[in-house]
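[1] Need a 3D model of the sequence below.
(chains A and B)
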Amino acid sequence: EVHLVESGGGLVQPGGSLRLSCAASGFIFSSSSMHWVRQAPGKGLAWVSRIANDGSGINYADSVKGRFTISRDNAKNTLYLQMNSLRAEDTAMYFCARDKPVAGINMEVWGKGTMVTVSS
Amino acid sequence: DVQMTQFPSSVSASVGDRVTITCRASQDVSVYLAWYQQRPGTAPRLLIYPASSLQSGVPSRFSGSGSGTDFTLTISSLQPEDFATYYCQQGNSVPPTFGGGTKVEIK
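    Presented below is the predicted three-dimensional model:
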């Protein structure tokens, strides 16, 4: 069974940093593109970033470009999101998701999420 | 970026009702349109992708249609477990963008 488990969330002050992790199991991690998607409290879904299966292709939402860095370690079956210069508006539940290996961009399987709160 | 507009933003319905949710893209996204269900306090679940392909394990009362800019999600006979928020998402171009969501509530 495909399983994604996020960790690393917590309370951080504005301007601070946090590194999220997403541990994958139940599928060939190195064959899948992966995403981070976030959801602010009471709000809708917002895509954050995507990384290709081999790490060669990376995209970011404009709202996080230059502050967040997505990466992966295929040997450890783990996806990461390094978040720097955090702002109050980054407060959200962060989900990792696997992209179904078909044409177009989708989020086939999701983790349960990890909460990030940016506040002084 | 492609803007996704969903309507209605909420709908009140009874068990057994037929419910239709519409999603409109600001430009042609071909058939690269996904529908997700999110129950309170849980992660989203992919129901349909691309536009009319039901994911494995999703009940057949769910169906999707459309291409280009106009899409619909239909629940043919609403069940208690279907009360949730539904999101569309275009997958034709980066950044992938979501609609604002449609909350299906109990009447």
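[2] C-alpha only now, for contacts and for neighbours.
    Noted.
[3] can you tell me how far the residue nearest the centre of chain B sits from chain A?
    Nearest residue to the geometric centre of chain B (Cα atoms, centre = their mean): residue B:35, 3.8 Å. To chain A, residue B:35 is 9 Å away according to Cα to the nearest Cα, to the nearest Å.
[4] what's the closest non-adjacent residue to residue A:47?
    residue A:37 (4.3 Å; Cα to Cα, 6 or more residues apart in numbering or on different chains).
[5] Could you tell me which other helices and strands the helix or strand containing the one you found packs against?
    In this structure, residue A:37 sits in strand A:34-39 according to DSSP states H and E. If contacts are counted by 3 or more Cα pairs under 8 Å, 6 or more residues apart in numbering or on different chains; DSSP states H and E, strand A:34-39 sits against strand A:45-51, strand A:92-98.
[6] anything in the strand or helix carrying residue B:65 near chain A?
    Taking DSSP H and E as the definition, residue B:65 sits inside strand B:62-67. No: Strand B:62-67 lies out of reach of chain A by Cα under 8 Å from any Cα of the partner chain, never closer than 13.6 Å.
[7] Show the average pLDDT along that strand.
    The pLDDT scores in strand B:62-67 average 98.
[8] Tell me which residues of it come out buried.
    The neighbour-count check on strand B:62-67 (16 or more other Cα atoms under 10 Å in any protein chain shown) flags B:62, B:63, B:64, B:65, B:66, B:67 as buried.
[9] For chain A, what's its nearest residue on chain B.
    Nearest to chain A, among the residues of chain B, is residue B:91, at 4.1 Å (Cα to the nearest Cα).
[10] so what's that residue closest to, chain neighbours aside?
    residue A:105 (4.1 Å).
[11] Need phi/psi at that neighbour.
    Main-chain dihedrals, residue A:105, degrees, to the nearest 10: phi -110, psi 130.
[12] Am I right that it is in contact with residue B:92?
    Yes: if you go by Cα atoms under 8 Å, residue A:105 and residue B:92 touch, sitting 6.5 Å apart.
[13] which neighbours do these two share?
    residue B:32 (Cα atoms under 8 Å, 6 or more residues apart in numbering or on different chains).
[14] Tell me the residues on chain B that lie near chain A, please.
    Residues of chain B lying near chain A by Cα under 8 Å from any Cα: B:32, B:34, B:42-46, B:49, B:89-98, B:100-101.
[15] Out of these, list just those in strands.
    Among these, the residues falling in strands (DSSP state E) are B:34, B:45, B:46, B:89, B:90, B:97, B:98.
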